[in-house]
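S.K.: Below are the sequence and a predicted model for it; my questions follow.
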Amino acid sequence: MQKSDNKKFECPVCHMMIDESRYALNYQGRPYAFCSLQCRQRFDANPHLYTGYPGKPSPAQQGHKIIKKRKLKLLDAHTDEQCSIIESELKSMMGIIDVSFESDFLMITYDLLQVTTEQIEVAIEKTGNRLSADMGTRLKQAFIHYLEETELDNLEQPGNEHRH
């Protein structure tokens, strides 16, 4: 945990300054504190994206962002009120840059170093809404999850340079 002079800690995922956290952990003999469960989950999945390796700072430590734009198909068209609830939930998450709706589609822009499509999908379901469950949509979602996981795993490896 990087401690500042005013006894606060910096979340290694989103760089938010926080007091001690219930999401804290020790990783490789060093303590880390997280502002939210979302940031803790991102760290748990790919810790070296945030800690780097000796002599090689991580993409997050270098201030890099991995901006993604996705078009997710909702189960059906939504009312303005439902869209507002979804938008509010998503914008409360770290890494969400933009949210908009077009009929039964959600367009979302986010930083992959802070949030994944899978976490976004969980947040949508938390609002009582769902993504389309047709086979084509489910295959596309699985492919996006795989691509994001592979991209993050590759960035986490020592010697791989971030070129975004």
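M.R.: That came in fine, so what should we check first?

S.K.: Quick check: closest non-adjacent residue to the spatially most central residue of the chain.
M.R.: Nearest to the geometric centre of the chain sits residue 115, at 0.7 Å (CA atoms, centre = their mean). With CB to CB, 6 or more residues apart in numbering as the criterion, residue 115 has its nearest non-adjacent residue at 3.8 Å, and that residue is residue 95. Every residue, glycine included, has its C-beta placed from N, CA and C.

S.K.: now residue 91
M.R.: Nearest residue to residue 91 in three dimensions, chain neighbours excluded: residue 99, at 6.2 Å (CB to CB, 6+ apart).

S.K.: and if you look at residue 19?
M.R.: residue 8 (6.1 Å).

S.K.: For that neighbour, what are phi and psi?
M.R.: In terms of degrees, to the nearest 10, the main-chain angles of residue 8 are phi -110, psi 170.

S.K.: In which helix or strand does residue 143 reside?
M.R.: Secondary-structure assignment from DSSP states H and E places residue 143 in helix 135-156.
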